[in-house]
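A.B. asks: Quick one, fold the following:
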Amino acid sequence: MEIAREVKAAGAGFLRGGAFKPRSSPYSFQGLKEEGLELLKLARTVTGLPIVSEIMSVSMLDRFVAEVDVIQIGARNMQNFDLLKAVGQTRKPVLLKRGMSATIEEFLMSAEYILAEGNENVILCERGIRTFETYTRNTLDLSAVLAIKRLSHLPVLVDPSHAAGLAWMVESLSKAAVAVGADGLIIEVHNDPANARCDGPQSITPERFEALMHSLRAIAQCENRVV
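C.D. replies: Numbers count the residues shown, from 1 in each chain. Okay, the predicted model is just below:
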């Protein structure tokens with residue numbers, strides 16, 4: 001509730017939380033699951049922020065349609081075609097993240113699976129791709145924003161937090177994303193990153209988020225845009 005209130009006050013438009021967390025290791029924290037979803041709903045009630053959360057399987061679809069404002073398809077499920085078709089048969093907004101090794105064409109074809117079922121409410125997200133570089137968690141491909149905007153009519157978000165995996169990079173990459181034309185940003189915020197259950201190293205504090213929002217508004221203004 002504390003984080004939700006602070007990011008809303010700073011200008012956030014949505015609250016995204018992974019109630020269900022797909023992780024590479026089966027021994028890593030997997031999210032609070034149903035309890036986490038209830039906490040997100042409570043945060044929505046308290047702040048009025050629409051909530052975004054990742055769906056893991058078709059079996060959860062009815063609940064997500066009823067309870068979540070935007071359904072996220074994570075990078076690991078970008079080519080889970082049964083899941084893409086299922087969310088395509090709803091009219092719920094879908095946030096589709098680019099797969100870790102997906103080409104832009106593959107990314108757009110995954111979106112087509114949703115669109116072909118009749119759901120036009122698709123939002124794409126560039127969140128970094130896996131390359132030979134290991135200093136960062138992934139390699140943020142800002143050129144993908146430009147390419148997708150030329151090839152598609154769909155809005156494109158950038159997730160600098162998951163791309164870099166390093167909190168000290170997030171602010172600069174966020175500014176670059178706005179400058180290159182991204183339609184939105186997904187930024188990890190935590191009031192105690194050192195003790196976060198997961199993704200702490202890439203999370204910025206609410207105070208840094210508020211300062212960043214001021215900078216982003218100035219950069220957007222230079223491009224005749226608003227945050």
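A.B. asks: For the most centrally placed residue in the chain, list the residues it contacts.
C.D. replies: In the chain, the centroid-proximal residue (CA atoms, centre = their mean) is Ile186; its distance is 4.8 Å. With contact taken as CB atoms under 8 Å, 6 or more residues apart in numbering, Ile186 is in contact with Arg16, Cys125, Arg127, Leu157, Val158, Asp159, Ser161, His162. (C-beta placed from N, C-alpha, C; glycine too.)
A.B. asks: so the first one makes contact with Ile51?
C.D. replies: Yes. With contact defined as CB atoms under 8 Å, Arg16 and Ile51 form a contacting pair (7.4 Å).
A.B. asks: Checking Gln72 next. Helix, strand or coil?
C.D. replies: Under DSSP: H, G, I helix; E, B strand; the rest coil, Gln72 falls in the strand class.
A.B. asks: And it, how close does it get to Ile123?
C.D. replies: 9 Å (CB to CB, to the nearest Å).
A.B. asks: Spit out the residues that contact the two alike.
C.D. replies: Joint contacts of Gln72 and Ile123 (CB under 8 Å, 6+ apart) are Val94, Leu95, Leu96.
A.B. asks: re earlier: could you measure the residue nearest to the centre of the chain against Ser57, distance?
C.D. replies: 22 Å.
A.B. asks: Show me what the lengthiest helix in the chain is packed up against.
C.D. replies: Secondary structure of the chain read by DSSP state H shows that its longest helix is helix 206-222. Applying 3 or more CB pairs under 8 Å, 6 or more residues apart in numbering; DSSP states H and E, one finds that helix 206-222 contacts helix 2-10, helix 167-180.
A.B. asks: Highest mean neighbour count out of those?
C.D. replies: Across the helices and strands packed on helix 206-222, averaging neighbours per residue (mean count of other CB atoms under 10 Å) puts helix 167-180 on top, at a mean of 19.
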